[in-house]
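Student: let's see this in three dimensions:
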Amino acid sequence: MDDELSLDDPLRSLVQSLHQDVAVRAGLPQRVVRRERRQRRVRLAGSVLVMAVAVLALEPRLDGKQSVTFALQRPSSHHVALVGDFTDWRTDKLALTPTRNGVWEVTLRLRPGRYRFAYVADDGEWVPDASAAPVVDDFGRPTSVLTVVKQ
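Tutor: Down below sits the predicted model:
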């Protein structure tokens, strides 16, 4: 009995071709090293991105600022701006975005403290916030007061 496997000619030639040395193209080792370095940089960049997202997620606790949403029901307006001591009372700094049912909104991050503010509608009318404490500014215009508390 013969222990050797009997292979037909096409299969034998295929097996022999697998045992032959293959010529390595010039520069292949260098290309492999460059690719590995690139992949390492991509993995590192991904790790840095994950850490940055984590820091941004924790940032509200780190900088002490609170998210505050300002909203005004004004369905007839075409433009509403938020002005206050946090915008130097400039009407071109914070435009509100129209949402559903004629409500205009913008969300800011403010440090704890007391802020005076108002809305300025497209017709230049100063509108105080009905849900905040009212106060008249130095020029007789209606404004509101908001107190942001430390959480």
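Student: what's the host helix or strand of Gln16 packed up against?
Tutor: Assigned by DSSP states H and E, Gln16 belongs to helix 9-18. In terms of contacts (3 or more CB pairs under 8 Å, 6 or more residues apart in numbering; DSSP states H and E), helix 9-18 is not packed against any helix or strand. All C-beta spots, glycine's among them, are computed from the backbone N, C-alpha and C.
Student: check the offset of it from the chain's centre.
Tutor: 59 Å (CA atoms, centre = their mean, to the nearest Å).
Student: please save the CA atoms from that helix in CSV.
Tutor: Presented in CSV, the C-alpha positions along helix 9-18 are these (Å, rounded to 0.1, in the frame of the first residue of the first chain):
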residue,chain,number,x,y,z
ASP,A,9,-1.5,15.9,-13.6
PRO,A,10,-3.5,19.2,-13.5
LEU,A,11,-3.8,19.1,-9.7
ARG,A,12,-0.1,18.1,-9.3
SER,A,13,1.1,21.0,-11.4
LEU,A,14,-1.2,23.4,-9.4
VAL,A,15,0.3,22.1,-6.1
GLN,A,16,3.8,22.5,-7.5
SER,A,17,3.1,26.0,-8.6
LEU,A,18,2.1,26.9,-5.0
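Student: tell me the mean pLDDT for it?
Tutor: Helix 9-18 shows a mean pLDDT of 78.
Student: okay, and the helix or strand of the chain with the least pLDDT?
Tutor: The weakest-scoring helix or strand in the chain, judged by mean pLDDT, DSSP states H and E, is helix 28-63 (a mean of 73).
Student: need the next SSE after it, C-terminal direction.
Tutor: Next element after helix 28-63 (DSSP H and E): strand 66-73.
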